[in-house]
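1. Next comes the sequence, and after it the predicted model I'd like to discuss.
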Amino acid sequence: MDETKNFDLNIEKVLEDWKVYHGLREIIANAIDEKSLTNTQDIEIFKDDLGNYHIRDFGRGLTYQHLTQNENEEKNSNPDVVIGKFGVGLKDALATFERNGIDVLIKSKHGDITINKSTKHGFEDILTLHAIIKKPSDPNLEGTDVILTGITDYDIKQAQNFFLTYSNNKLLESTEYGEIYDNRGDRSKIYINGLLVATEENFLFSYNITKTNSKIRKALNRERTNVGRQAYTDRIKQILLKSKSEAVIDRLVNDIEEDECGYSHDEIKWVEISKHACTHLNSKKNVIFLTSEQIQNNFSTIDDARSEGIKVVTIPNTVANKIKDSKDFEGNTIRNLETYFEEKNSNYEYTFIDEKNLTDEEKEIFNKTEEIINLMGGRPSNLVHILISETLQKDIRGHEVCGLWNEKENRIIIRRDQLKNLETYSGVLLHELAHARSGADDVSRSFELELSSMLGIIAEKIIRNS
């Protein structure tokens, strides 16, 4: 390059609301992008002995072609770059510096670039911002060195606040869609490839989205700040749904428990995220998930669970409905009140009483068994045994049951003290026979219909024989 050239930047819109640190943000972002594209060393930001700030990368060196407004296809196709447009951000930065009286010198092996106002070609009465391009003062310079005069330490600090790399956020977990960070401030920060694009007042974590989608790319406006939540919500959900670390899962679960008190964050309002946290916790720890109402109404059962070393986790009804009958990542059923009750029943050891060890009074009542069964049409084909046990397991509310139908073993088991009189024994036996005949649980339509049918059969026989 043998002579000085003026390059009209053709800036049509001056961003009056941009501060100096917004311009610095663009310069830093371009330097970081070049570092990512060329896999060179980290960028440098420093003040020289004259008080000028330098933003230096070690890539291929900036050329005047980068001052055009065309999108950089190389950046658009690379998932690690911050912005994707080189010329637009750079030109906006230069205009902001000029407006605020900041002197700029951009040095690379391709040339030196400064800026000033000069007349627009063909229109002598119009002054526009031009880039002044000269031959390189250092033809061997590695990368690009942007030298700024008039920049304050505050400007640099504010500009660095836009970048994850200069934050003190602690990384909690990385996923294929992005990273989850500890939230150390009043507001959570949303980054896209390390560039701050939004803040959230009620998020539990901060996030760095590393895999963008069309919605996010469309939302990255010229200012690249204040991107709306609707643009990144789906991606943050995907990040959380891929999370596995205890640091993330435990905090989500703790937040779910805080929901009843109104202290929770927005992430657990997304039911699929709450379900994911519960599912993962069930895989890793000995827990039971209960609603606050279930805890209030089942003190005895809850005490039993806690005495067995099971951690009780309180969840809202919406989450309880979502995880019902679901499996965790190990294929185990997520434990709730019903599944815990089933676990206890399946592991219960009965104390069966041989008929010959019953008292005479008990034998007399027990010997009426077939007669009672015949009242409602005879023994069901799936009923093999009717047994007496000294004790039975407790129901969900912690009360010992009087009798039960065990479908797997094809047997009815009745607690021994129900043989105290014929009326009590008959009632329990008929109740369990209704379960055997219907195959339905208590408080179900099928069970009630079967019980009504049996009562009708018995009533008819009594009336006909009277």
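-> Right, received. Where do you want to start? Residues are numbered from 1 along each chain as shown.
2. Centre of the chain to the strand or helix carrying Asn345, how far?
-> Assigned by DSSP states H and E, Asn345 belongs to helix 337-346. Relative to its parent chain, helix 337-346 has a centroid offset of 29 Å by CA atoms, centre = their mean, to the nearest Å.
3. could you point out which element follows it?
-> In N-to-C order, the element after helix 337-346 by DSSP H and E is helix 360-366.
4. Convert that next one to PDB, retaining C-alpha atoms only.
-> Taking Å, rounded to 0.1, in the frame of the first residue of the first chain, the C-alpha atoms of helix 360-366 are listed here in PDB:
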ATOM      1  CA  ASP A 360     -62.700 -72.300  69.600                       C
ATOM      2  CA  GLU A 361     -64.700 -69.100  69.200                       C
ATOM      3  CA  GLU A 362     -62.400 -68.000  66.300                       C
ATOM      4  CA  LYS A 363     -62.700 -71.500  64.700                       C
ATOM      5  CA  GLU A 364     -66.500 -71.300  64.900                       C
ATOM      6  CA  ILE A 365     -66.500 -68.000  63.000                       C
ATOM      7  CA  PHE A 366     -63.800 -68.900  60.500                       C
END
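5. these two touch, right, Glu34 and Glu142?
-> No. With contact defined as CB atoms under 8 Å, Glu34 does not reach Glu142; the gap is 11.5 Å. From N, CA and C alone the C-beta is placed, and that goes for glycine too.
6. more crowded one of the two?
-> Neighbours were counted for Glu34 and for Glu142 using other CB atoms under 10 Å; Glu34 has more, 22 against 16.
7. Tell me the spacing between that one and Asn298.
-> Glu34 sits at a distance of 62 Å from Asn298 (criterion: CB to CB, to the nearest Å).
8. how many neighbours does the closest residue to Ser174 other than its chain neighbours have?
-> In space, and not counting its chain neighbours, Ser174 is closest to Ile180: 7.8 Å by CB to CB, 6 or more residues apart in numbering. Other residues near Ile180 come to 25 when the count uses other CB under 10 Å.
9. now swap in Glu361 and tell me
-> 11.
10. Tell me who's in contact with the nearest residue to it once chain neighbours are set aside.
-> Sequence neighbours aside, Leu419 is the residue nearest to Glu361 in space, at 7.7 Å (criterion: CB to CB, 6+ apart). Each residue near Leu419 by CB atoms under 8 Å, 6 or more residues apart in numbering is listed here: Leu358, Glu361, Glu362, Ile365, Phe366, Ile388, Tyr425.
11. What ranges does the stretch 251-400 of the chain have for its strands?
-> Secondary structure of the stretch 251-400 of the chain (DSSP state E, counting those that start in this stretch): strands at 287-290, 311-314, 385-389.
12. looking at these, which is buried most?
-> Ranked by mean neighbour count under mean count of other CB atoms under 10 Å, those are led by strand 287-290, which reaches a mean of 22.
13. So, low pLDDT: which residues of the stretch 101-250 of the chain?
-> Within the stretch 101-250 of the chain, the set of residues satisfying pLDDT under 70 comprises 118-127, 221-225.
14. In it, mark out all the strands, start to finish.
-> Taking DSSP E, counting those that start in this stretch as the test, the strands found in the stretch 101-250 of the chain are 103-108, 111-120, 123-134, 144-149, 171-174, 178-181, 188-192, 195-200, 206-209.
15. and Asn332, which of these is closest to it?
-> strand 171-174 (23.0 Å; CB to CB).
16. So which bits of the closest one are buried?
-> Judged by neighbour count using 16 or more other CB atoms under 10 Å, the buried positions of strand 171-174 are Leu172, Glu173.
17. Run a quick neighbour tally on the spatially closest residue to Arg251 that is not a sequence neighbour.
-> Nearest residue to Arg251, sequence neighbours excluded (CB to CB, 6+ apart): Leu204, at 6.2 Å. Around Leu204 there are 21 other residues, counting by other CB under 10 Å.
18. And for Asp42?
-> Residues near Asp42, counting by other CB under 10 Å: 12.
19. isn't it right next to Lys35, touching?
-> Yes. Using CB under 8 Å, Asp42 is in contact with Lys35, at 6.5 Å.
20. quick revisit: show the buried residues in the contacts of Leu419.
-> Leu358, Glu362, Ile365, Phe366, Ile388, Tyr425.
21. any chance of those in JSON lines, with pLDDT and distance to Thr291 too?
-> Formatted as JSON lines, the buried ones among the contacts of Leu419 follow (pLDDT from 0 to 100; distance: CB to CB, whole Å):
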{"residue": "Leu358", "pLDDT": "94", "distance to Thr291": "43"}
{"residue": "Glu362", "pLDDT": "94", "distance to Thr291": "42"}
{"residue": "Ile365", "pLDDT": "95", "distance to Thr291": "41"}
{"residue": "Phe366", "pLDDT": "95", "distance to Thr291": "41"}
{"residue": "Ile388", "pLDDT": "95", "distance to Thr291": "37"}
{"residue": "Tyr425", "pLDDT": "95", "distance to Thr291": "37"}
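22. Next one: the residue nearest the centre of the chain from Ala219, what distance?
-> Residue closest to the average C-alpha location in the chain (CA atoms, centre = their mean): Leu240, at 3.2 Å. Distance, Leu240 to Ala219, using CB to CB: 20 Å.
23. circling back: now the contacts of Leu419 in TSV, with distance to Ser466?
-> What follows is those, written out as TSV (distance: CB to CB, whole Å):
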residue	distance to Ser466
Leu358	32
Glu361	28
Glu362	29
Ile365	23
Phe366	26
Ile388	32
Tyr425	23
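24. Max pairwise distance over these: which two?
-> Glu361 and Ile388 (13.3 Å).
25. what about the helices in the stretch 251-400 of the chain?
-> Assigned by DSSP state H, counting those that start in this stretch, the stretch 251-400 of the chain shows helices spanning 271-284, 292-297, 299-307, 317-323, 337-346, 360-366, 369-375.
26. and the shortest one, how far out from the chain's middle?
-> Computed by CA atoms, centre = their mean, the chain-centroid distance of helix 292-297 equals 26 Å.
27. what's the domain layout of the chain?
-> As assigned by automatic domain parsing, the chain contains the domains 5-162, 168-241, 246-346, 355-465.
28. before we move on, the earlier item: you'd agree the residue nearest to the centre of the chain is up against His265?
-> No. Leu240 lies out of contact with His265 (CB under 8 Å); the separation is 11.5 Å.
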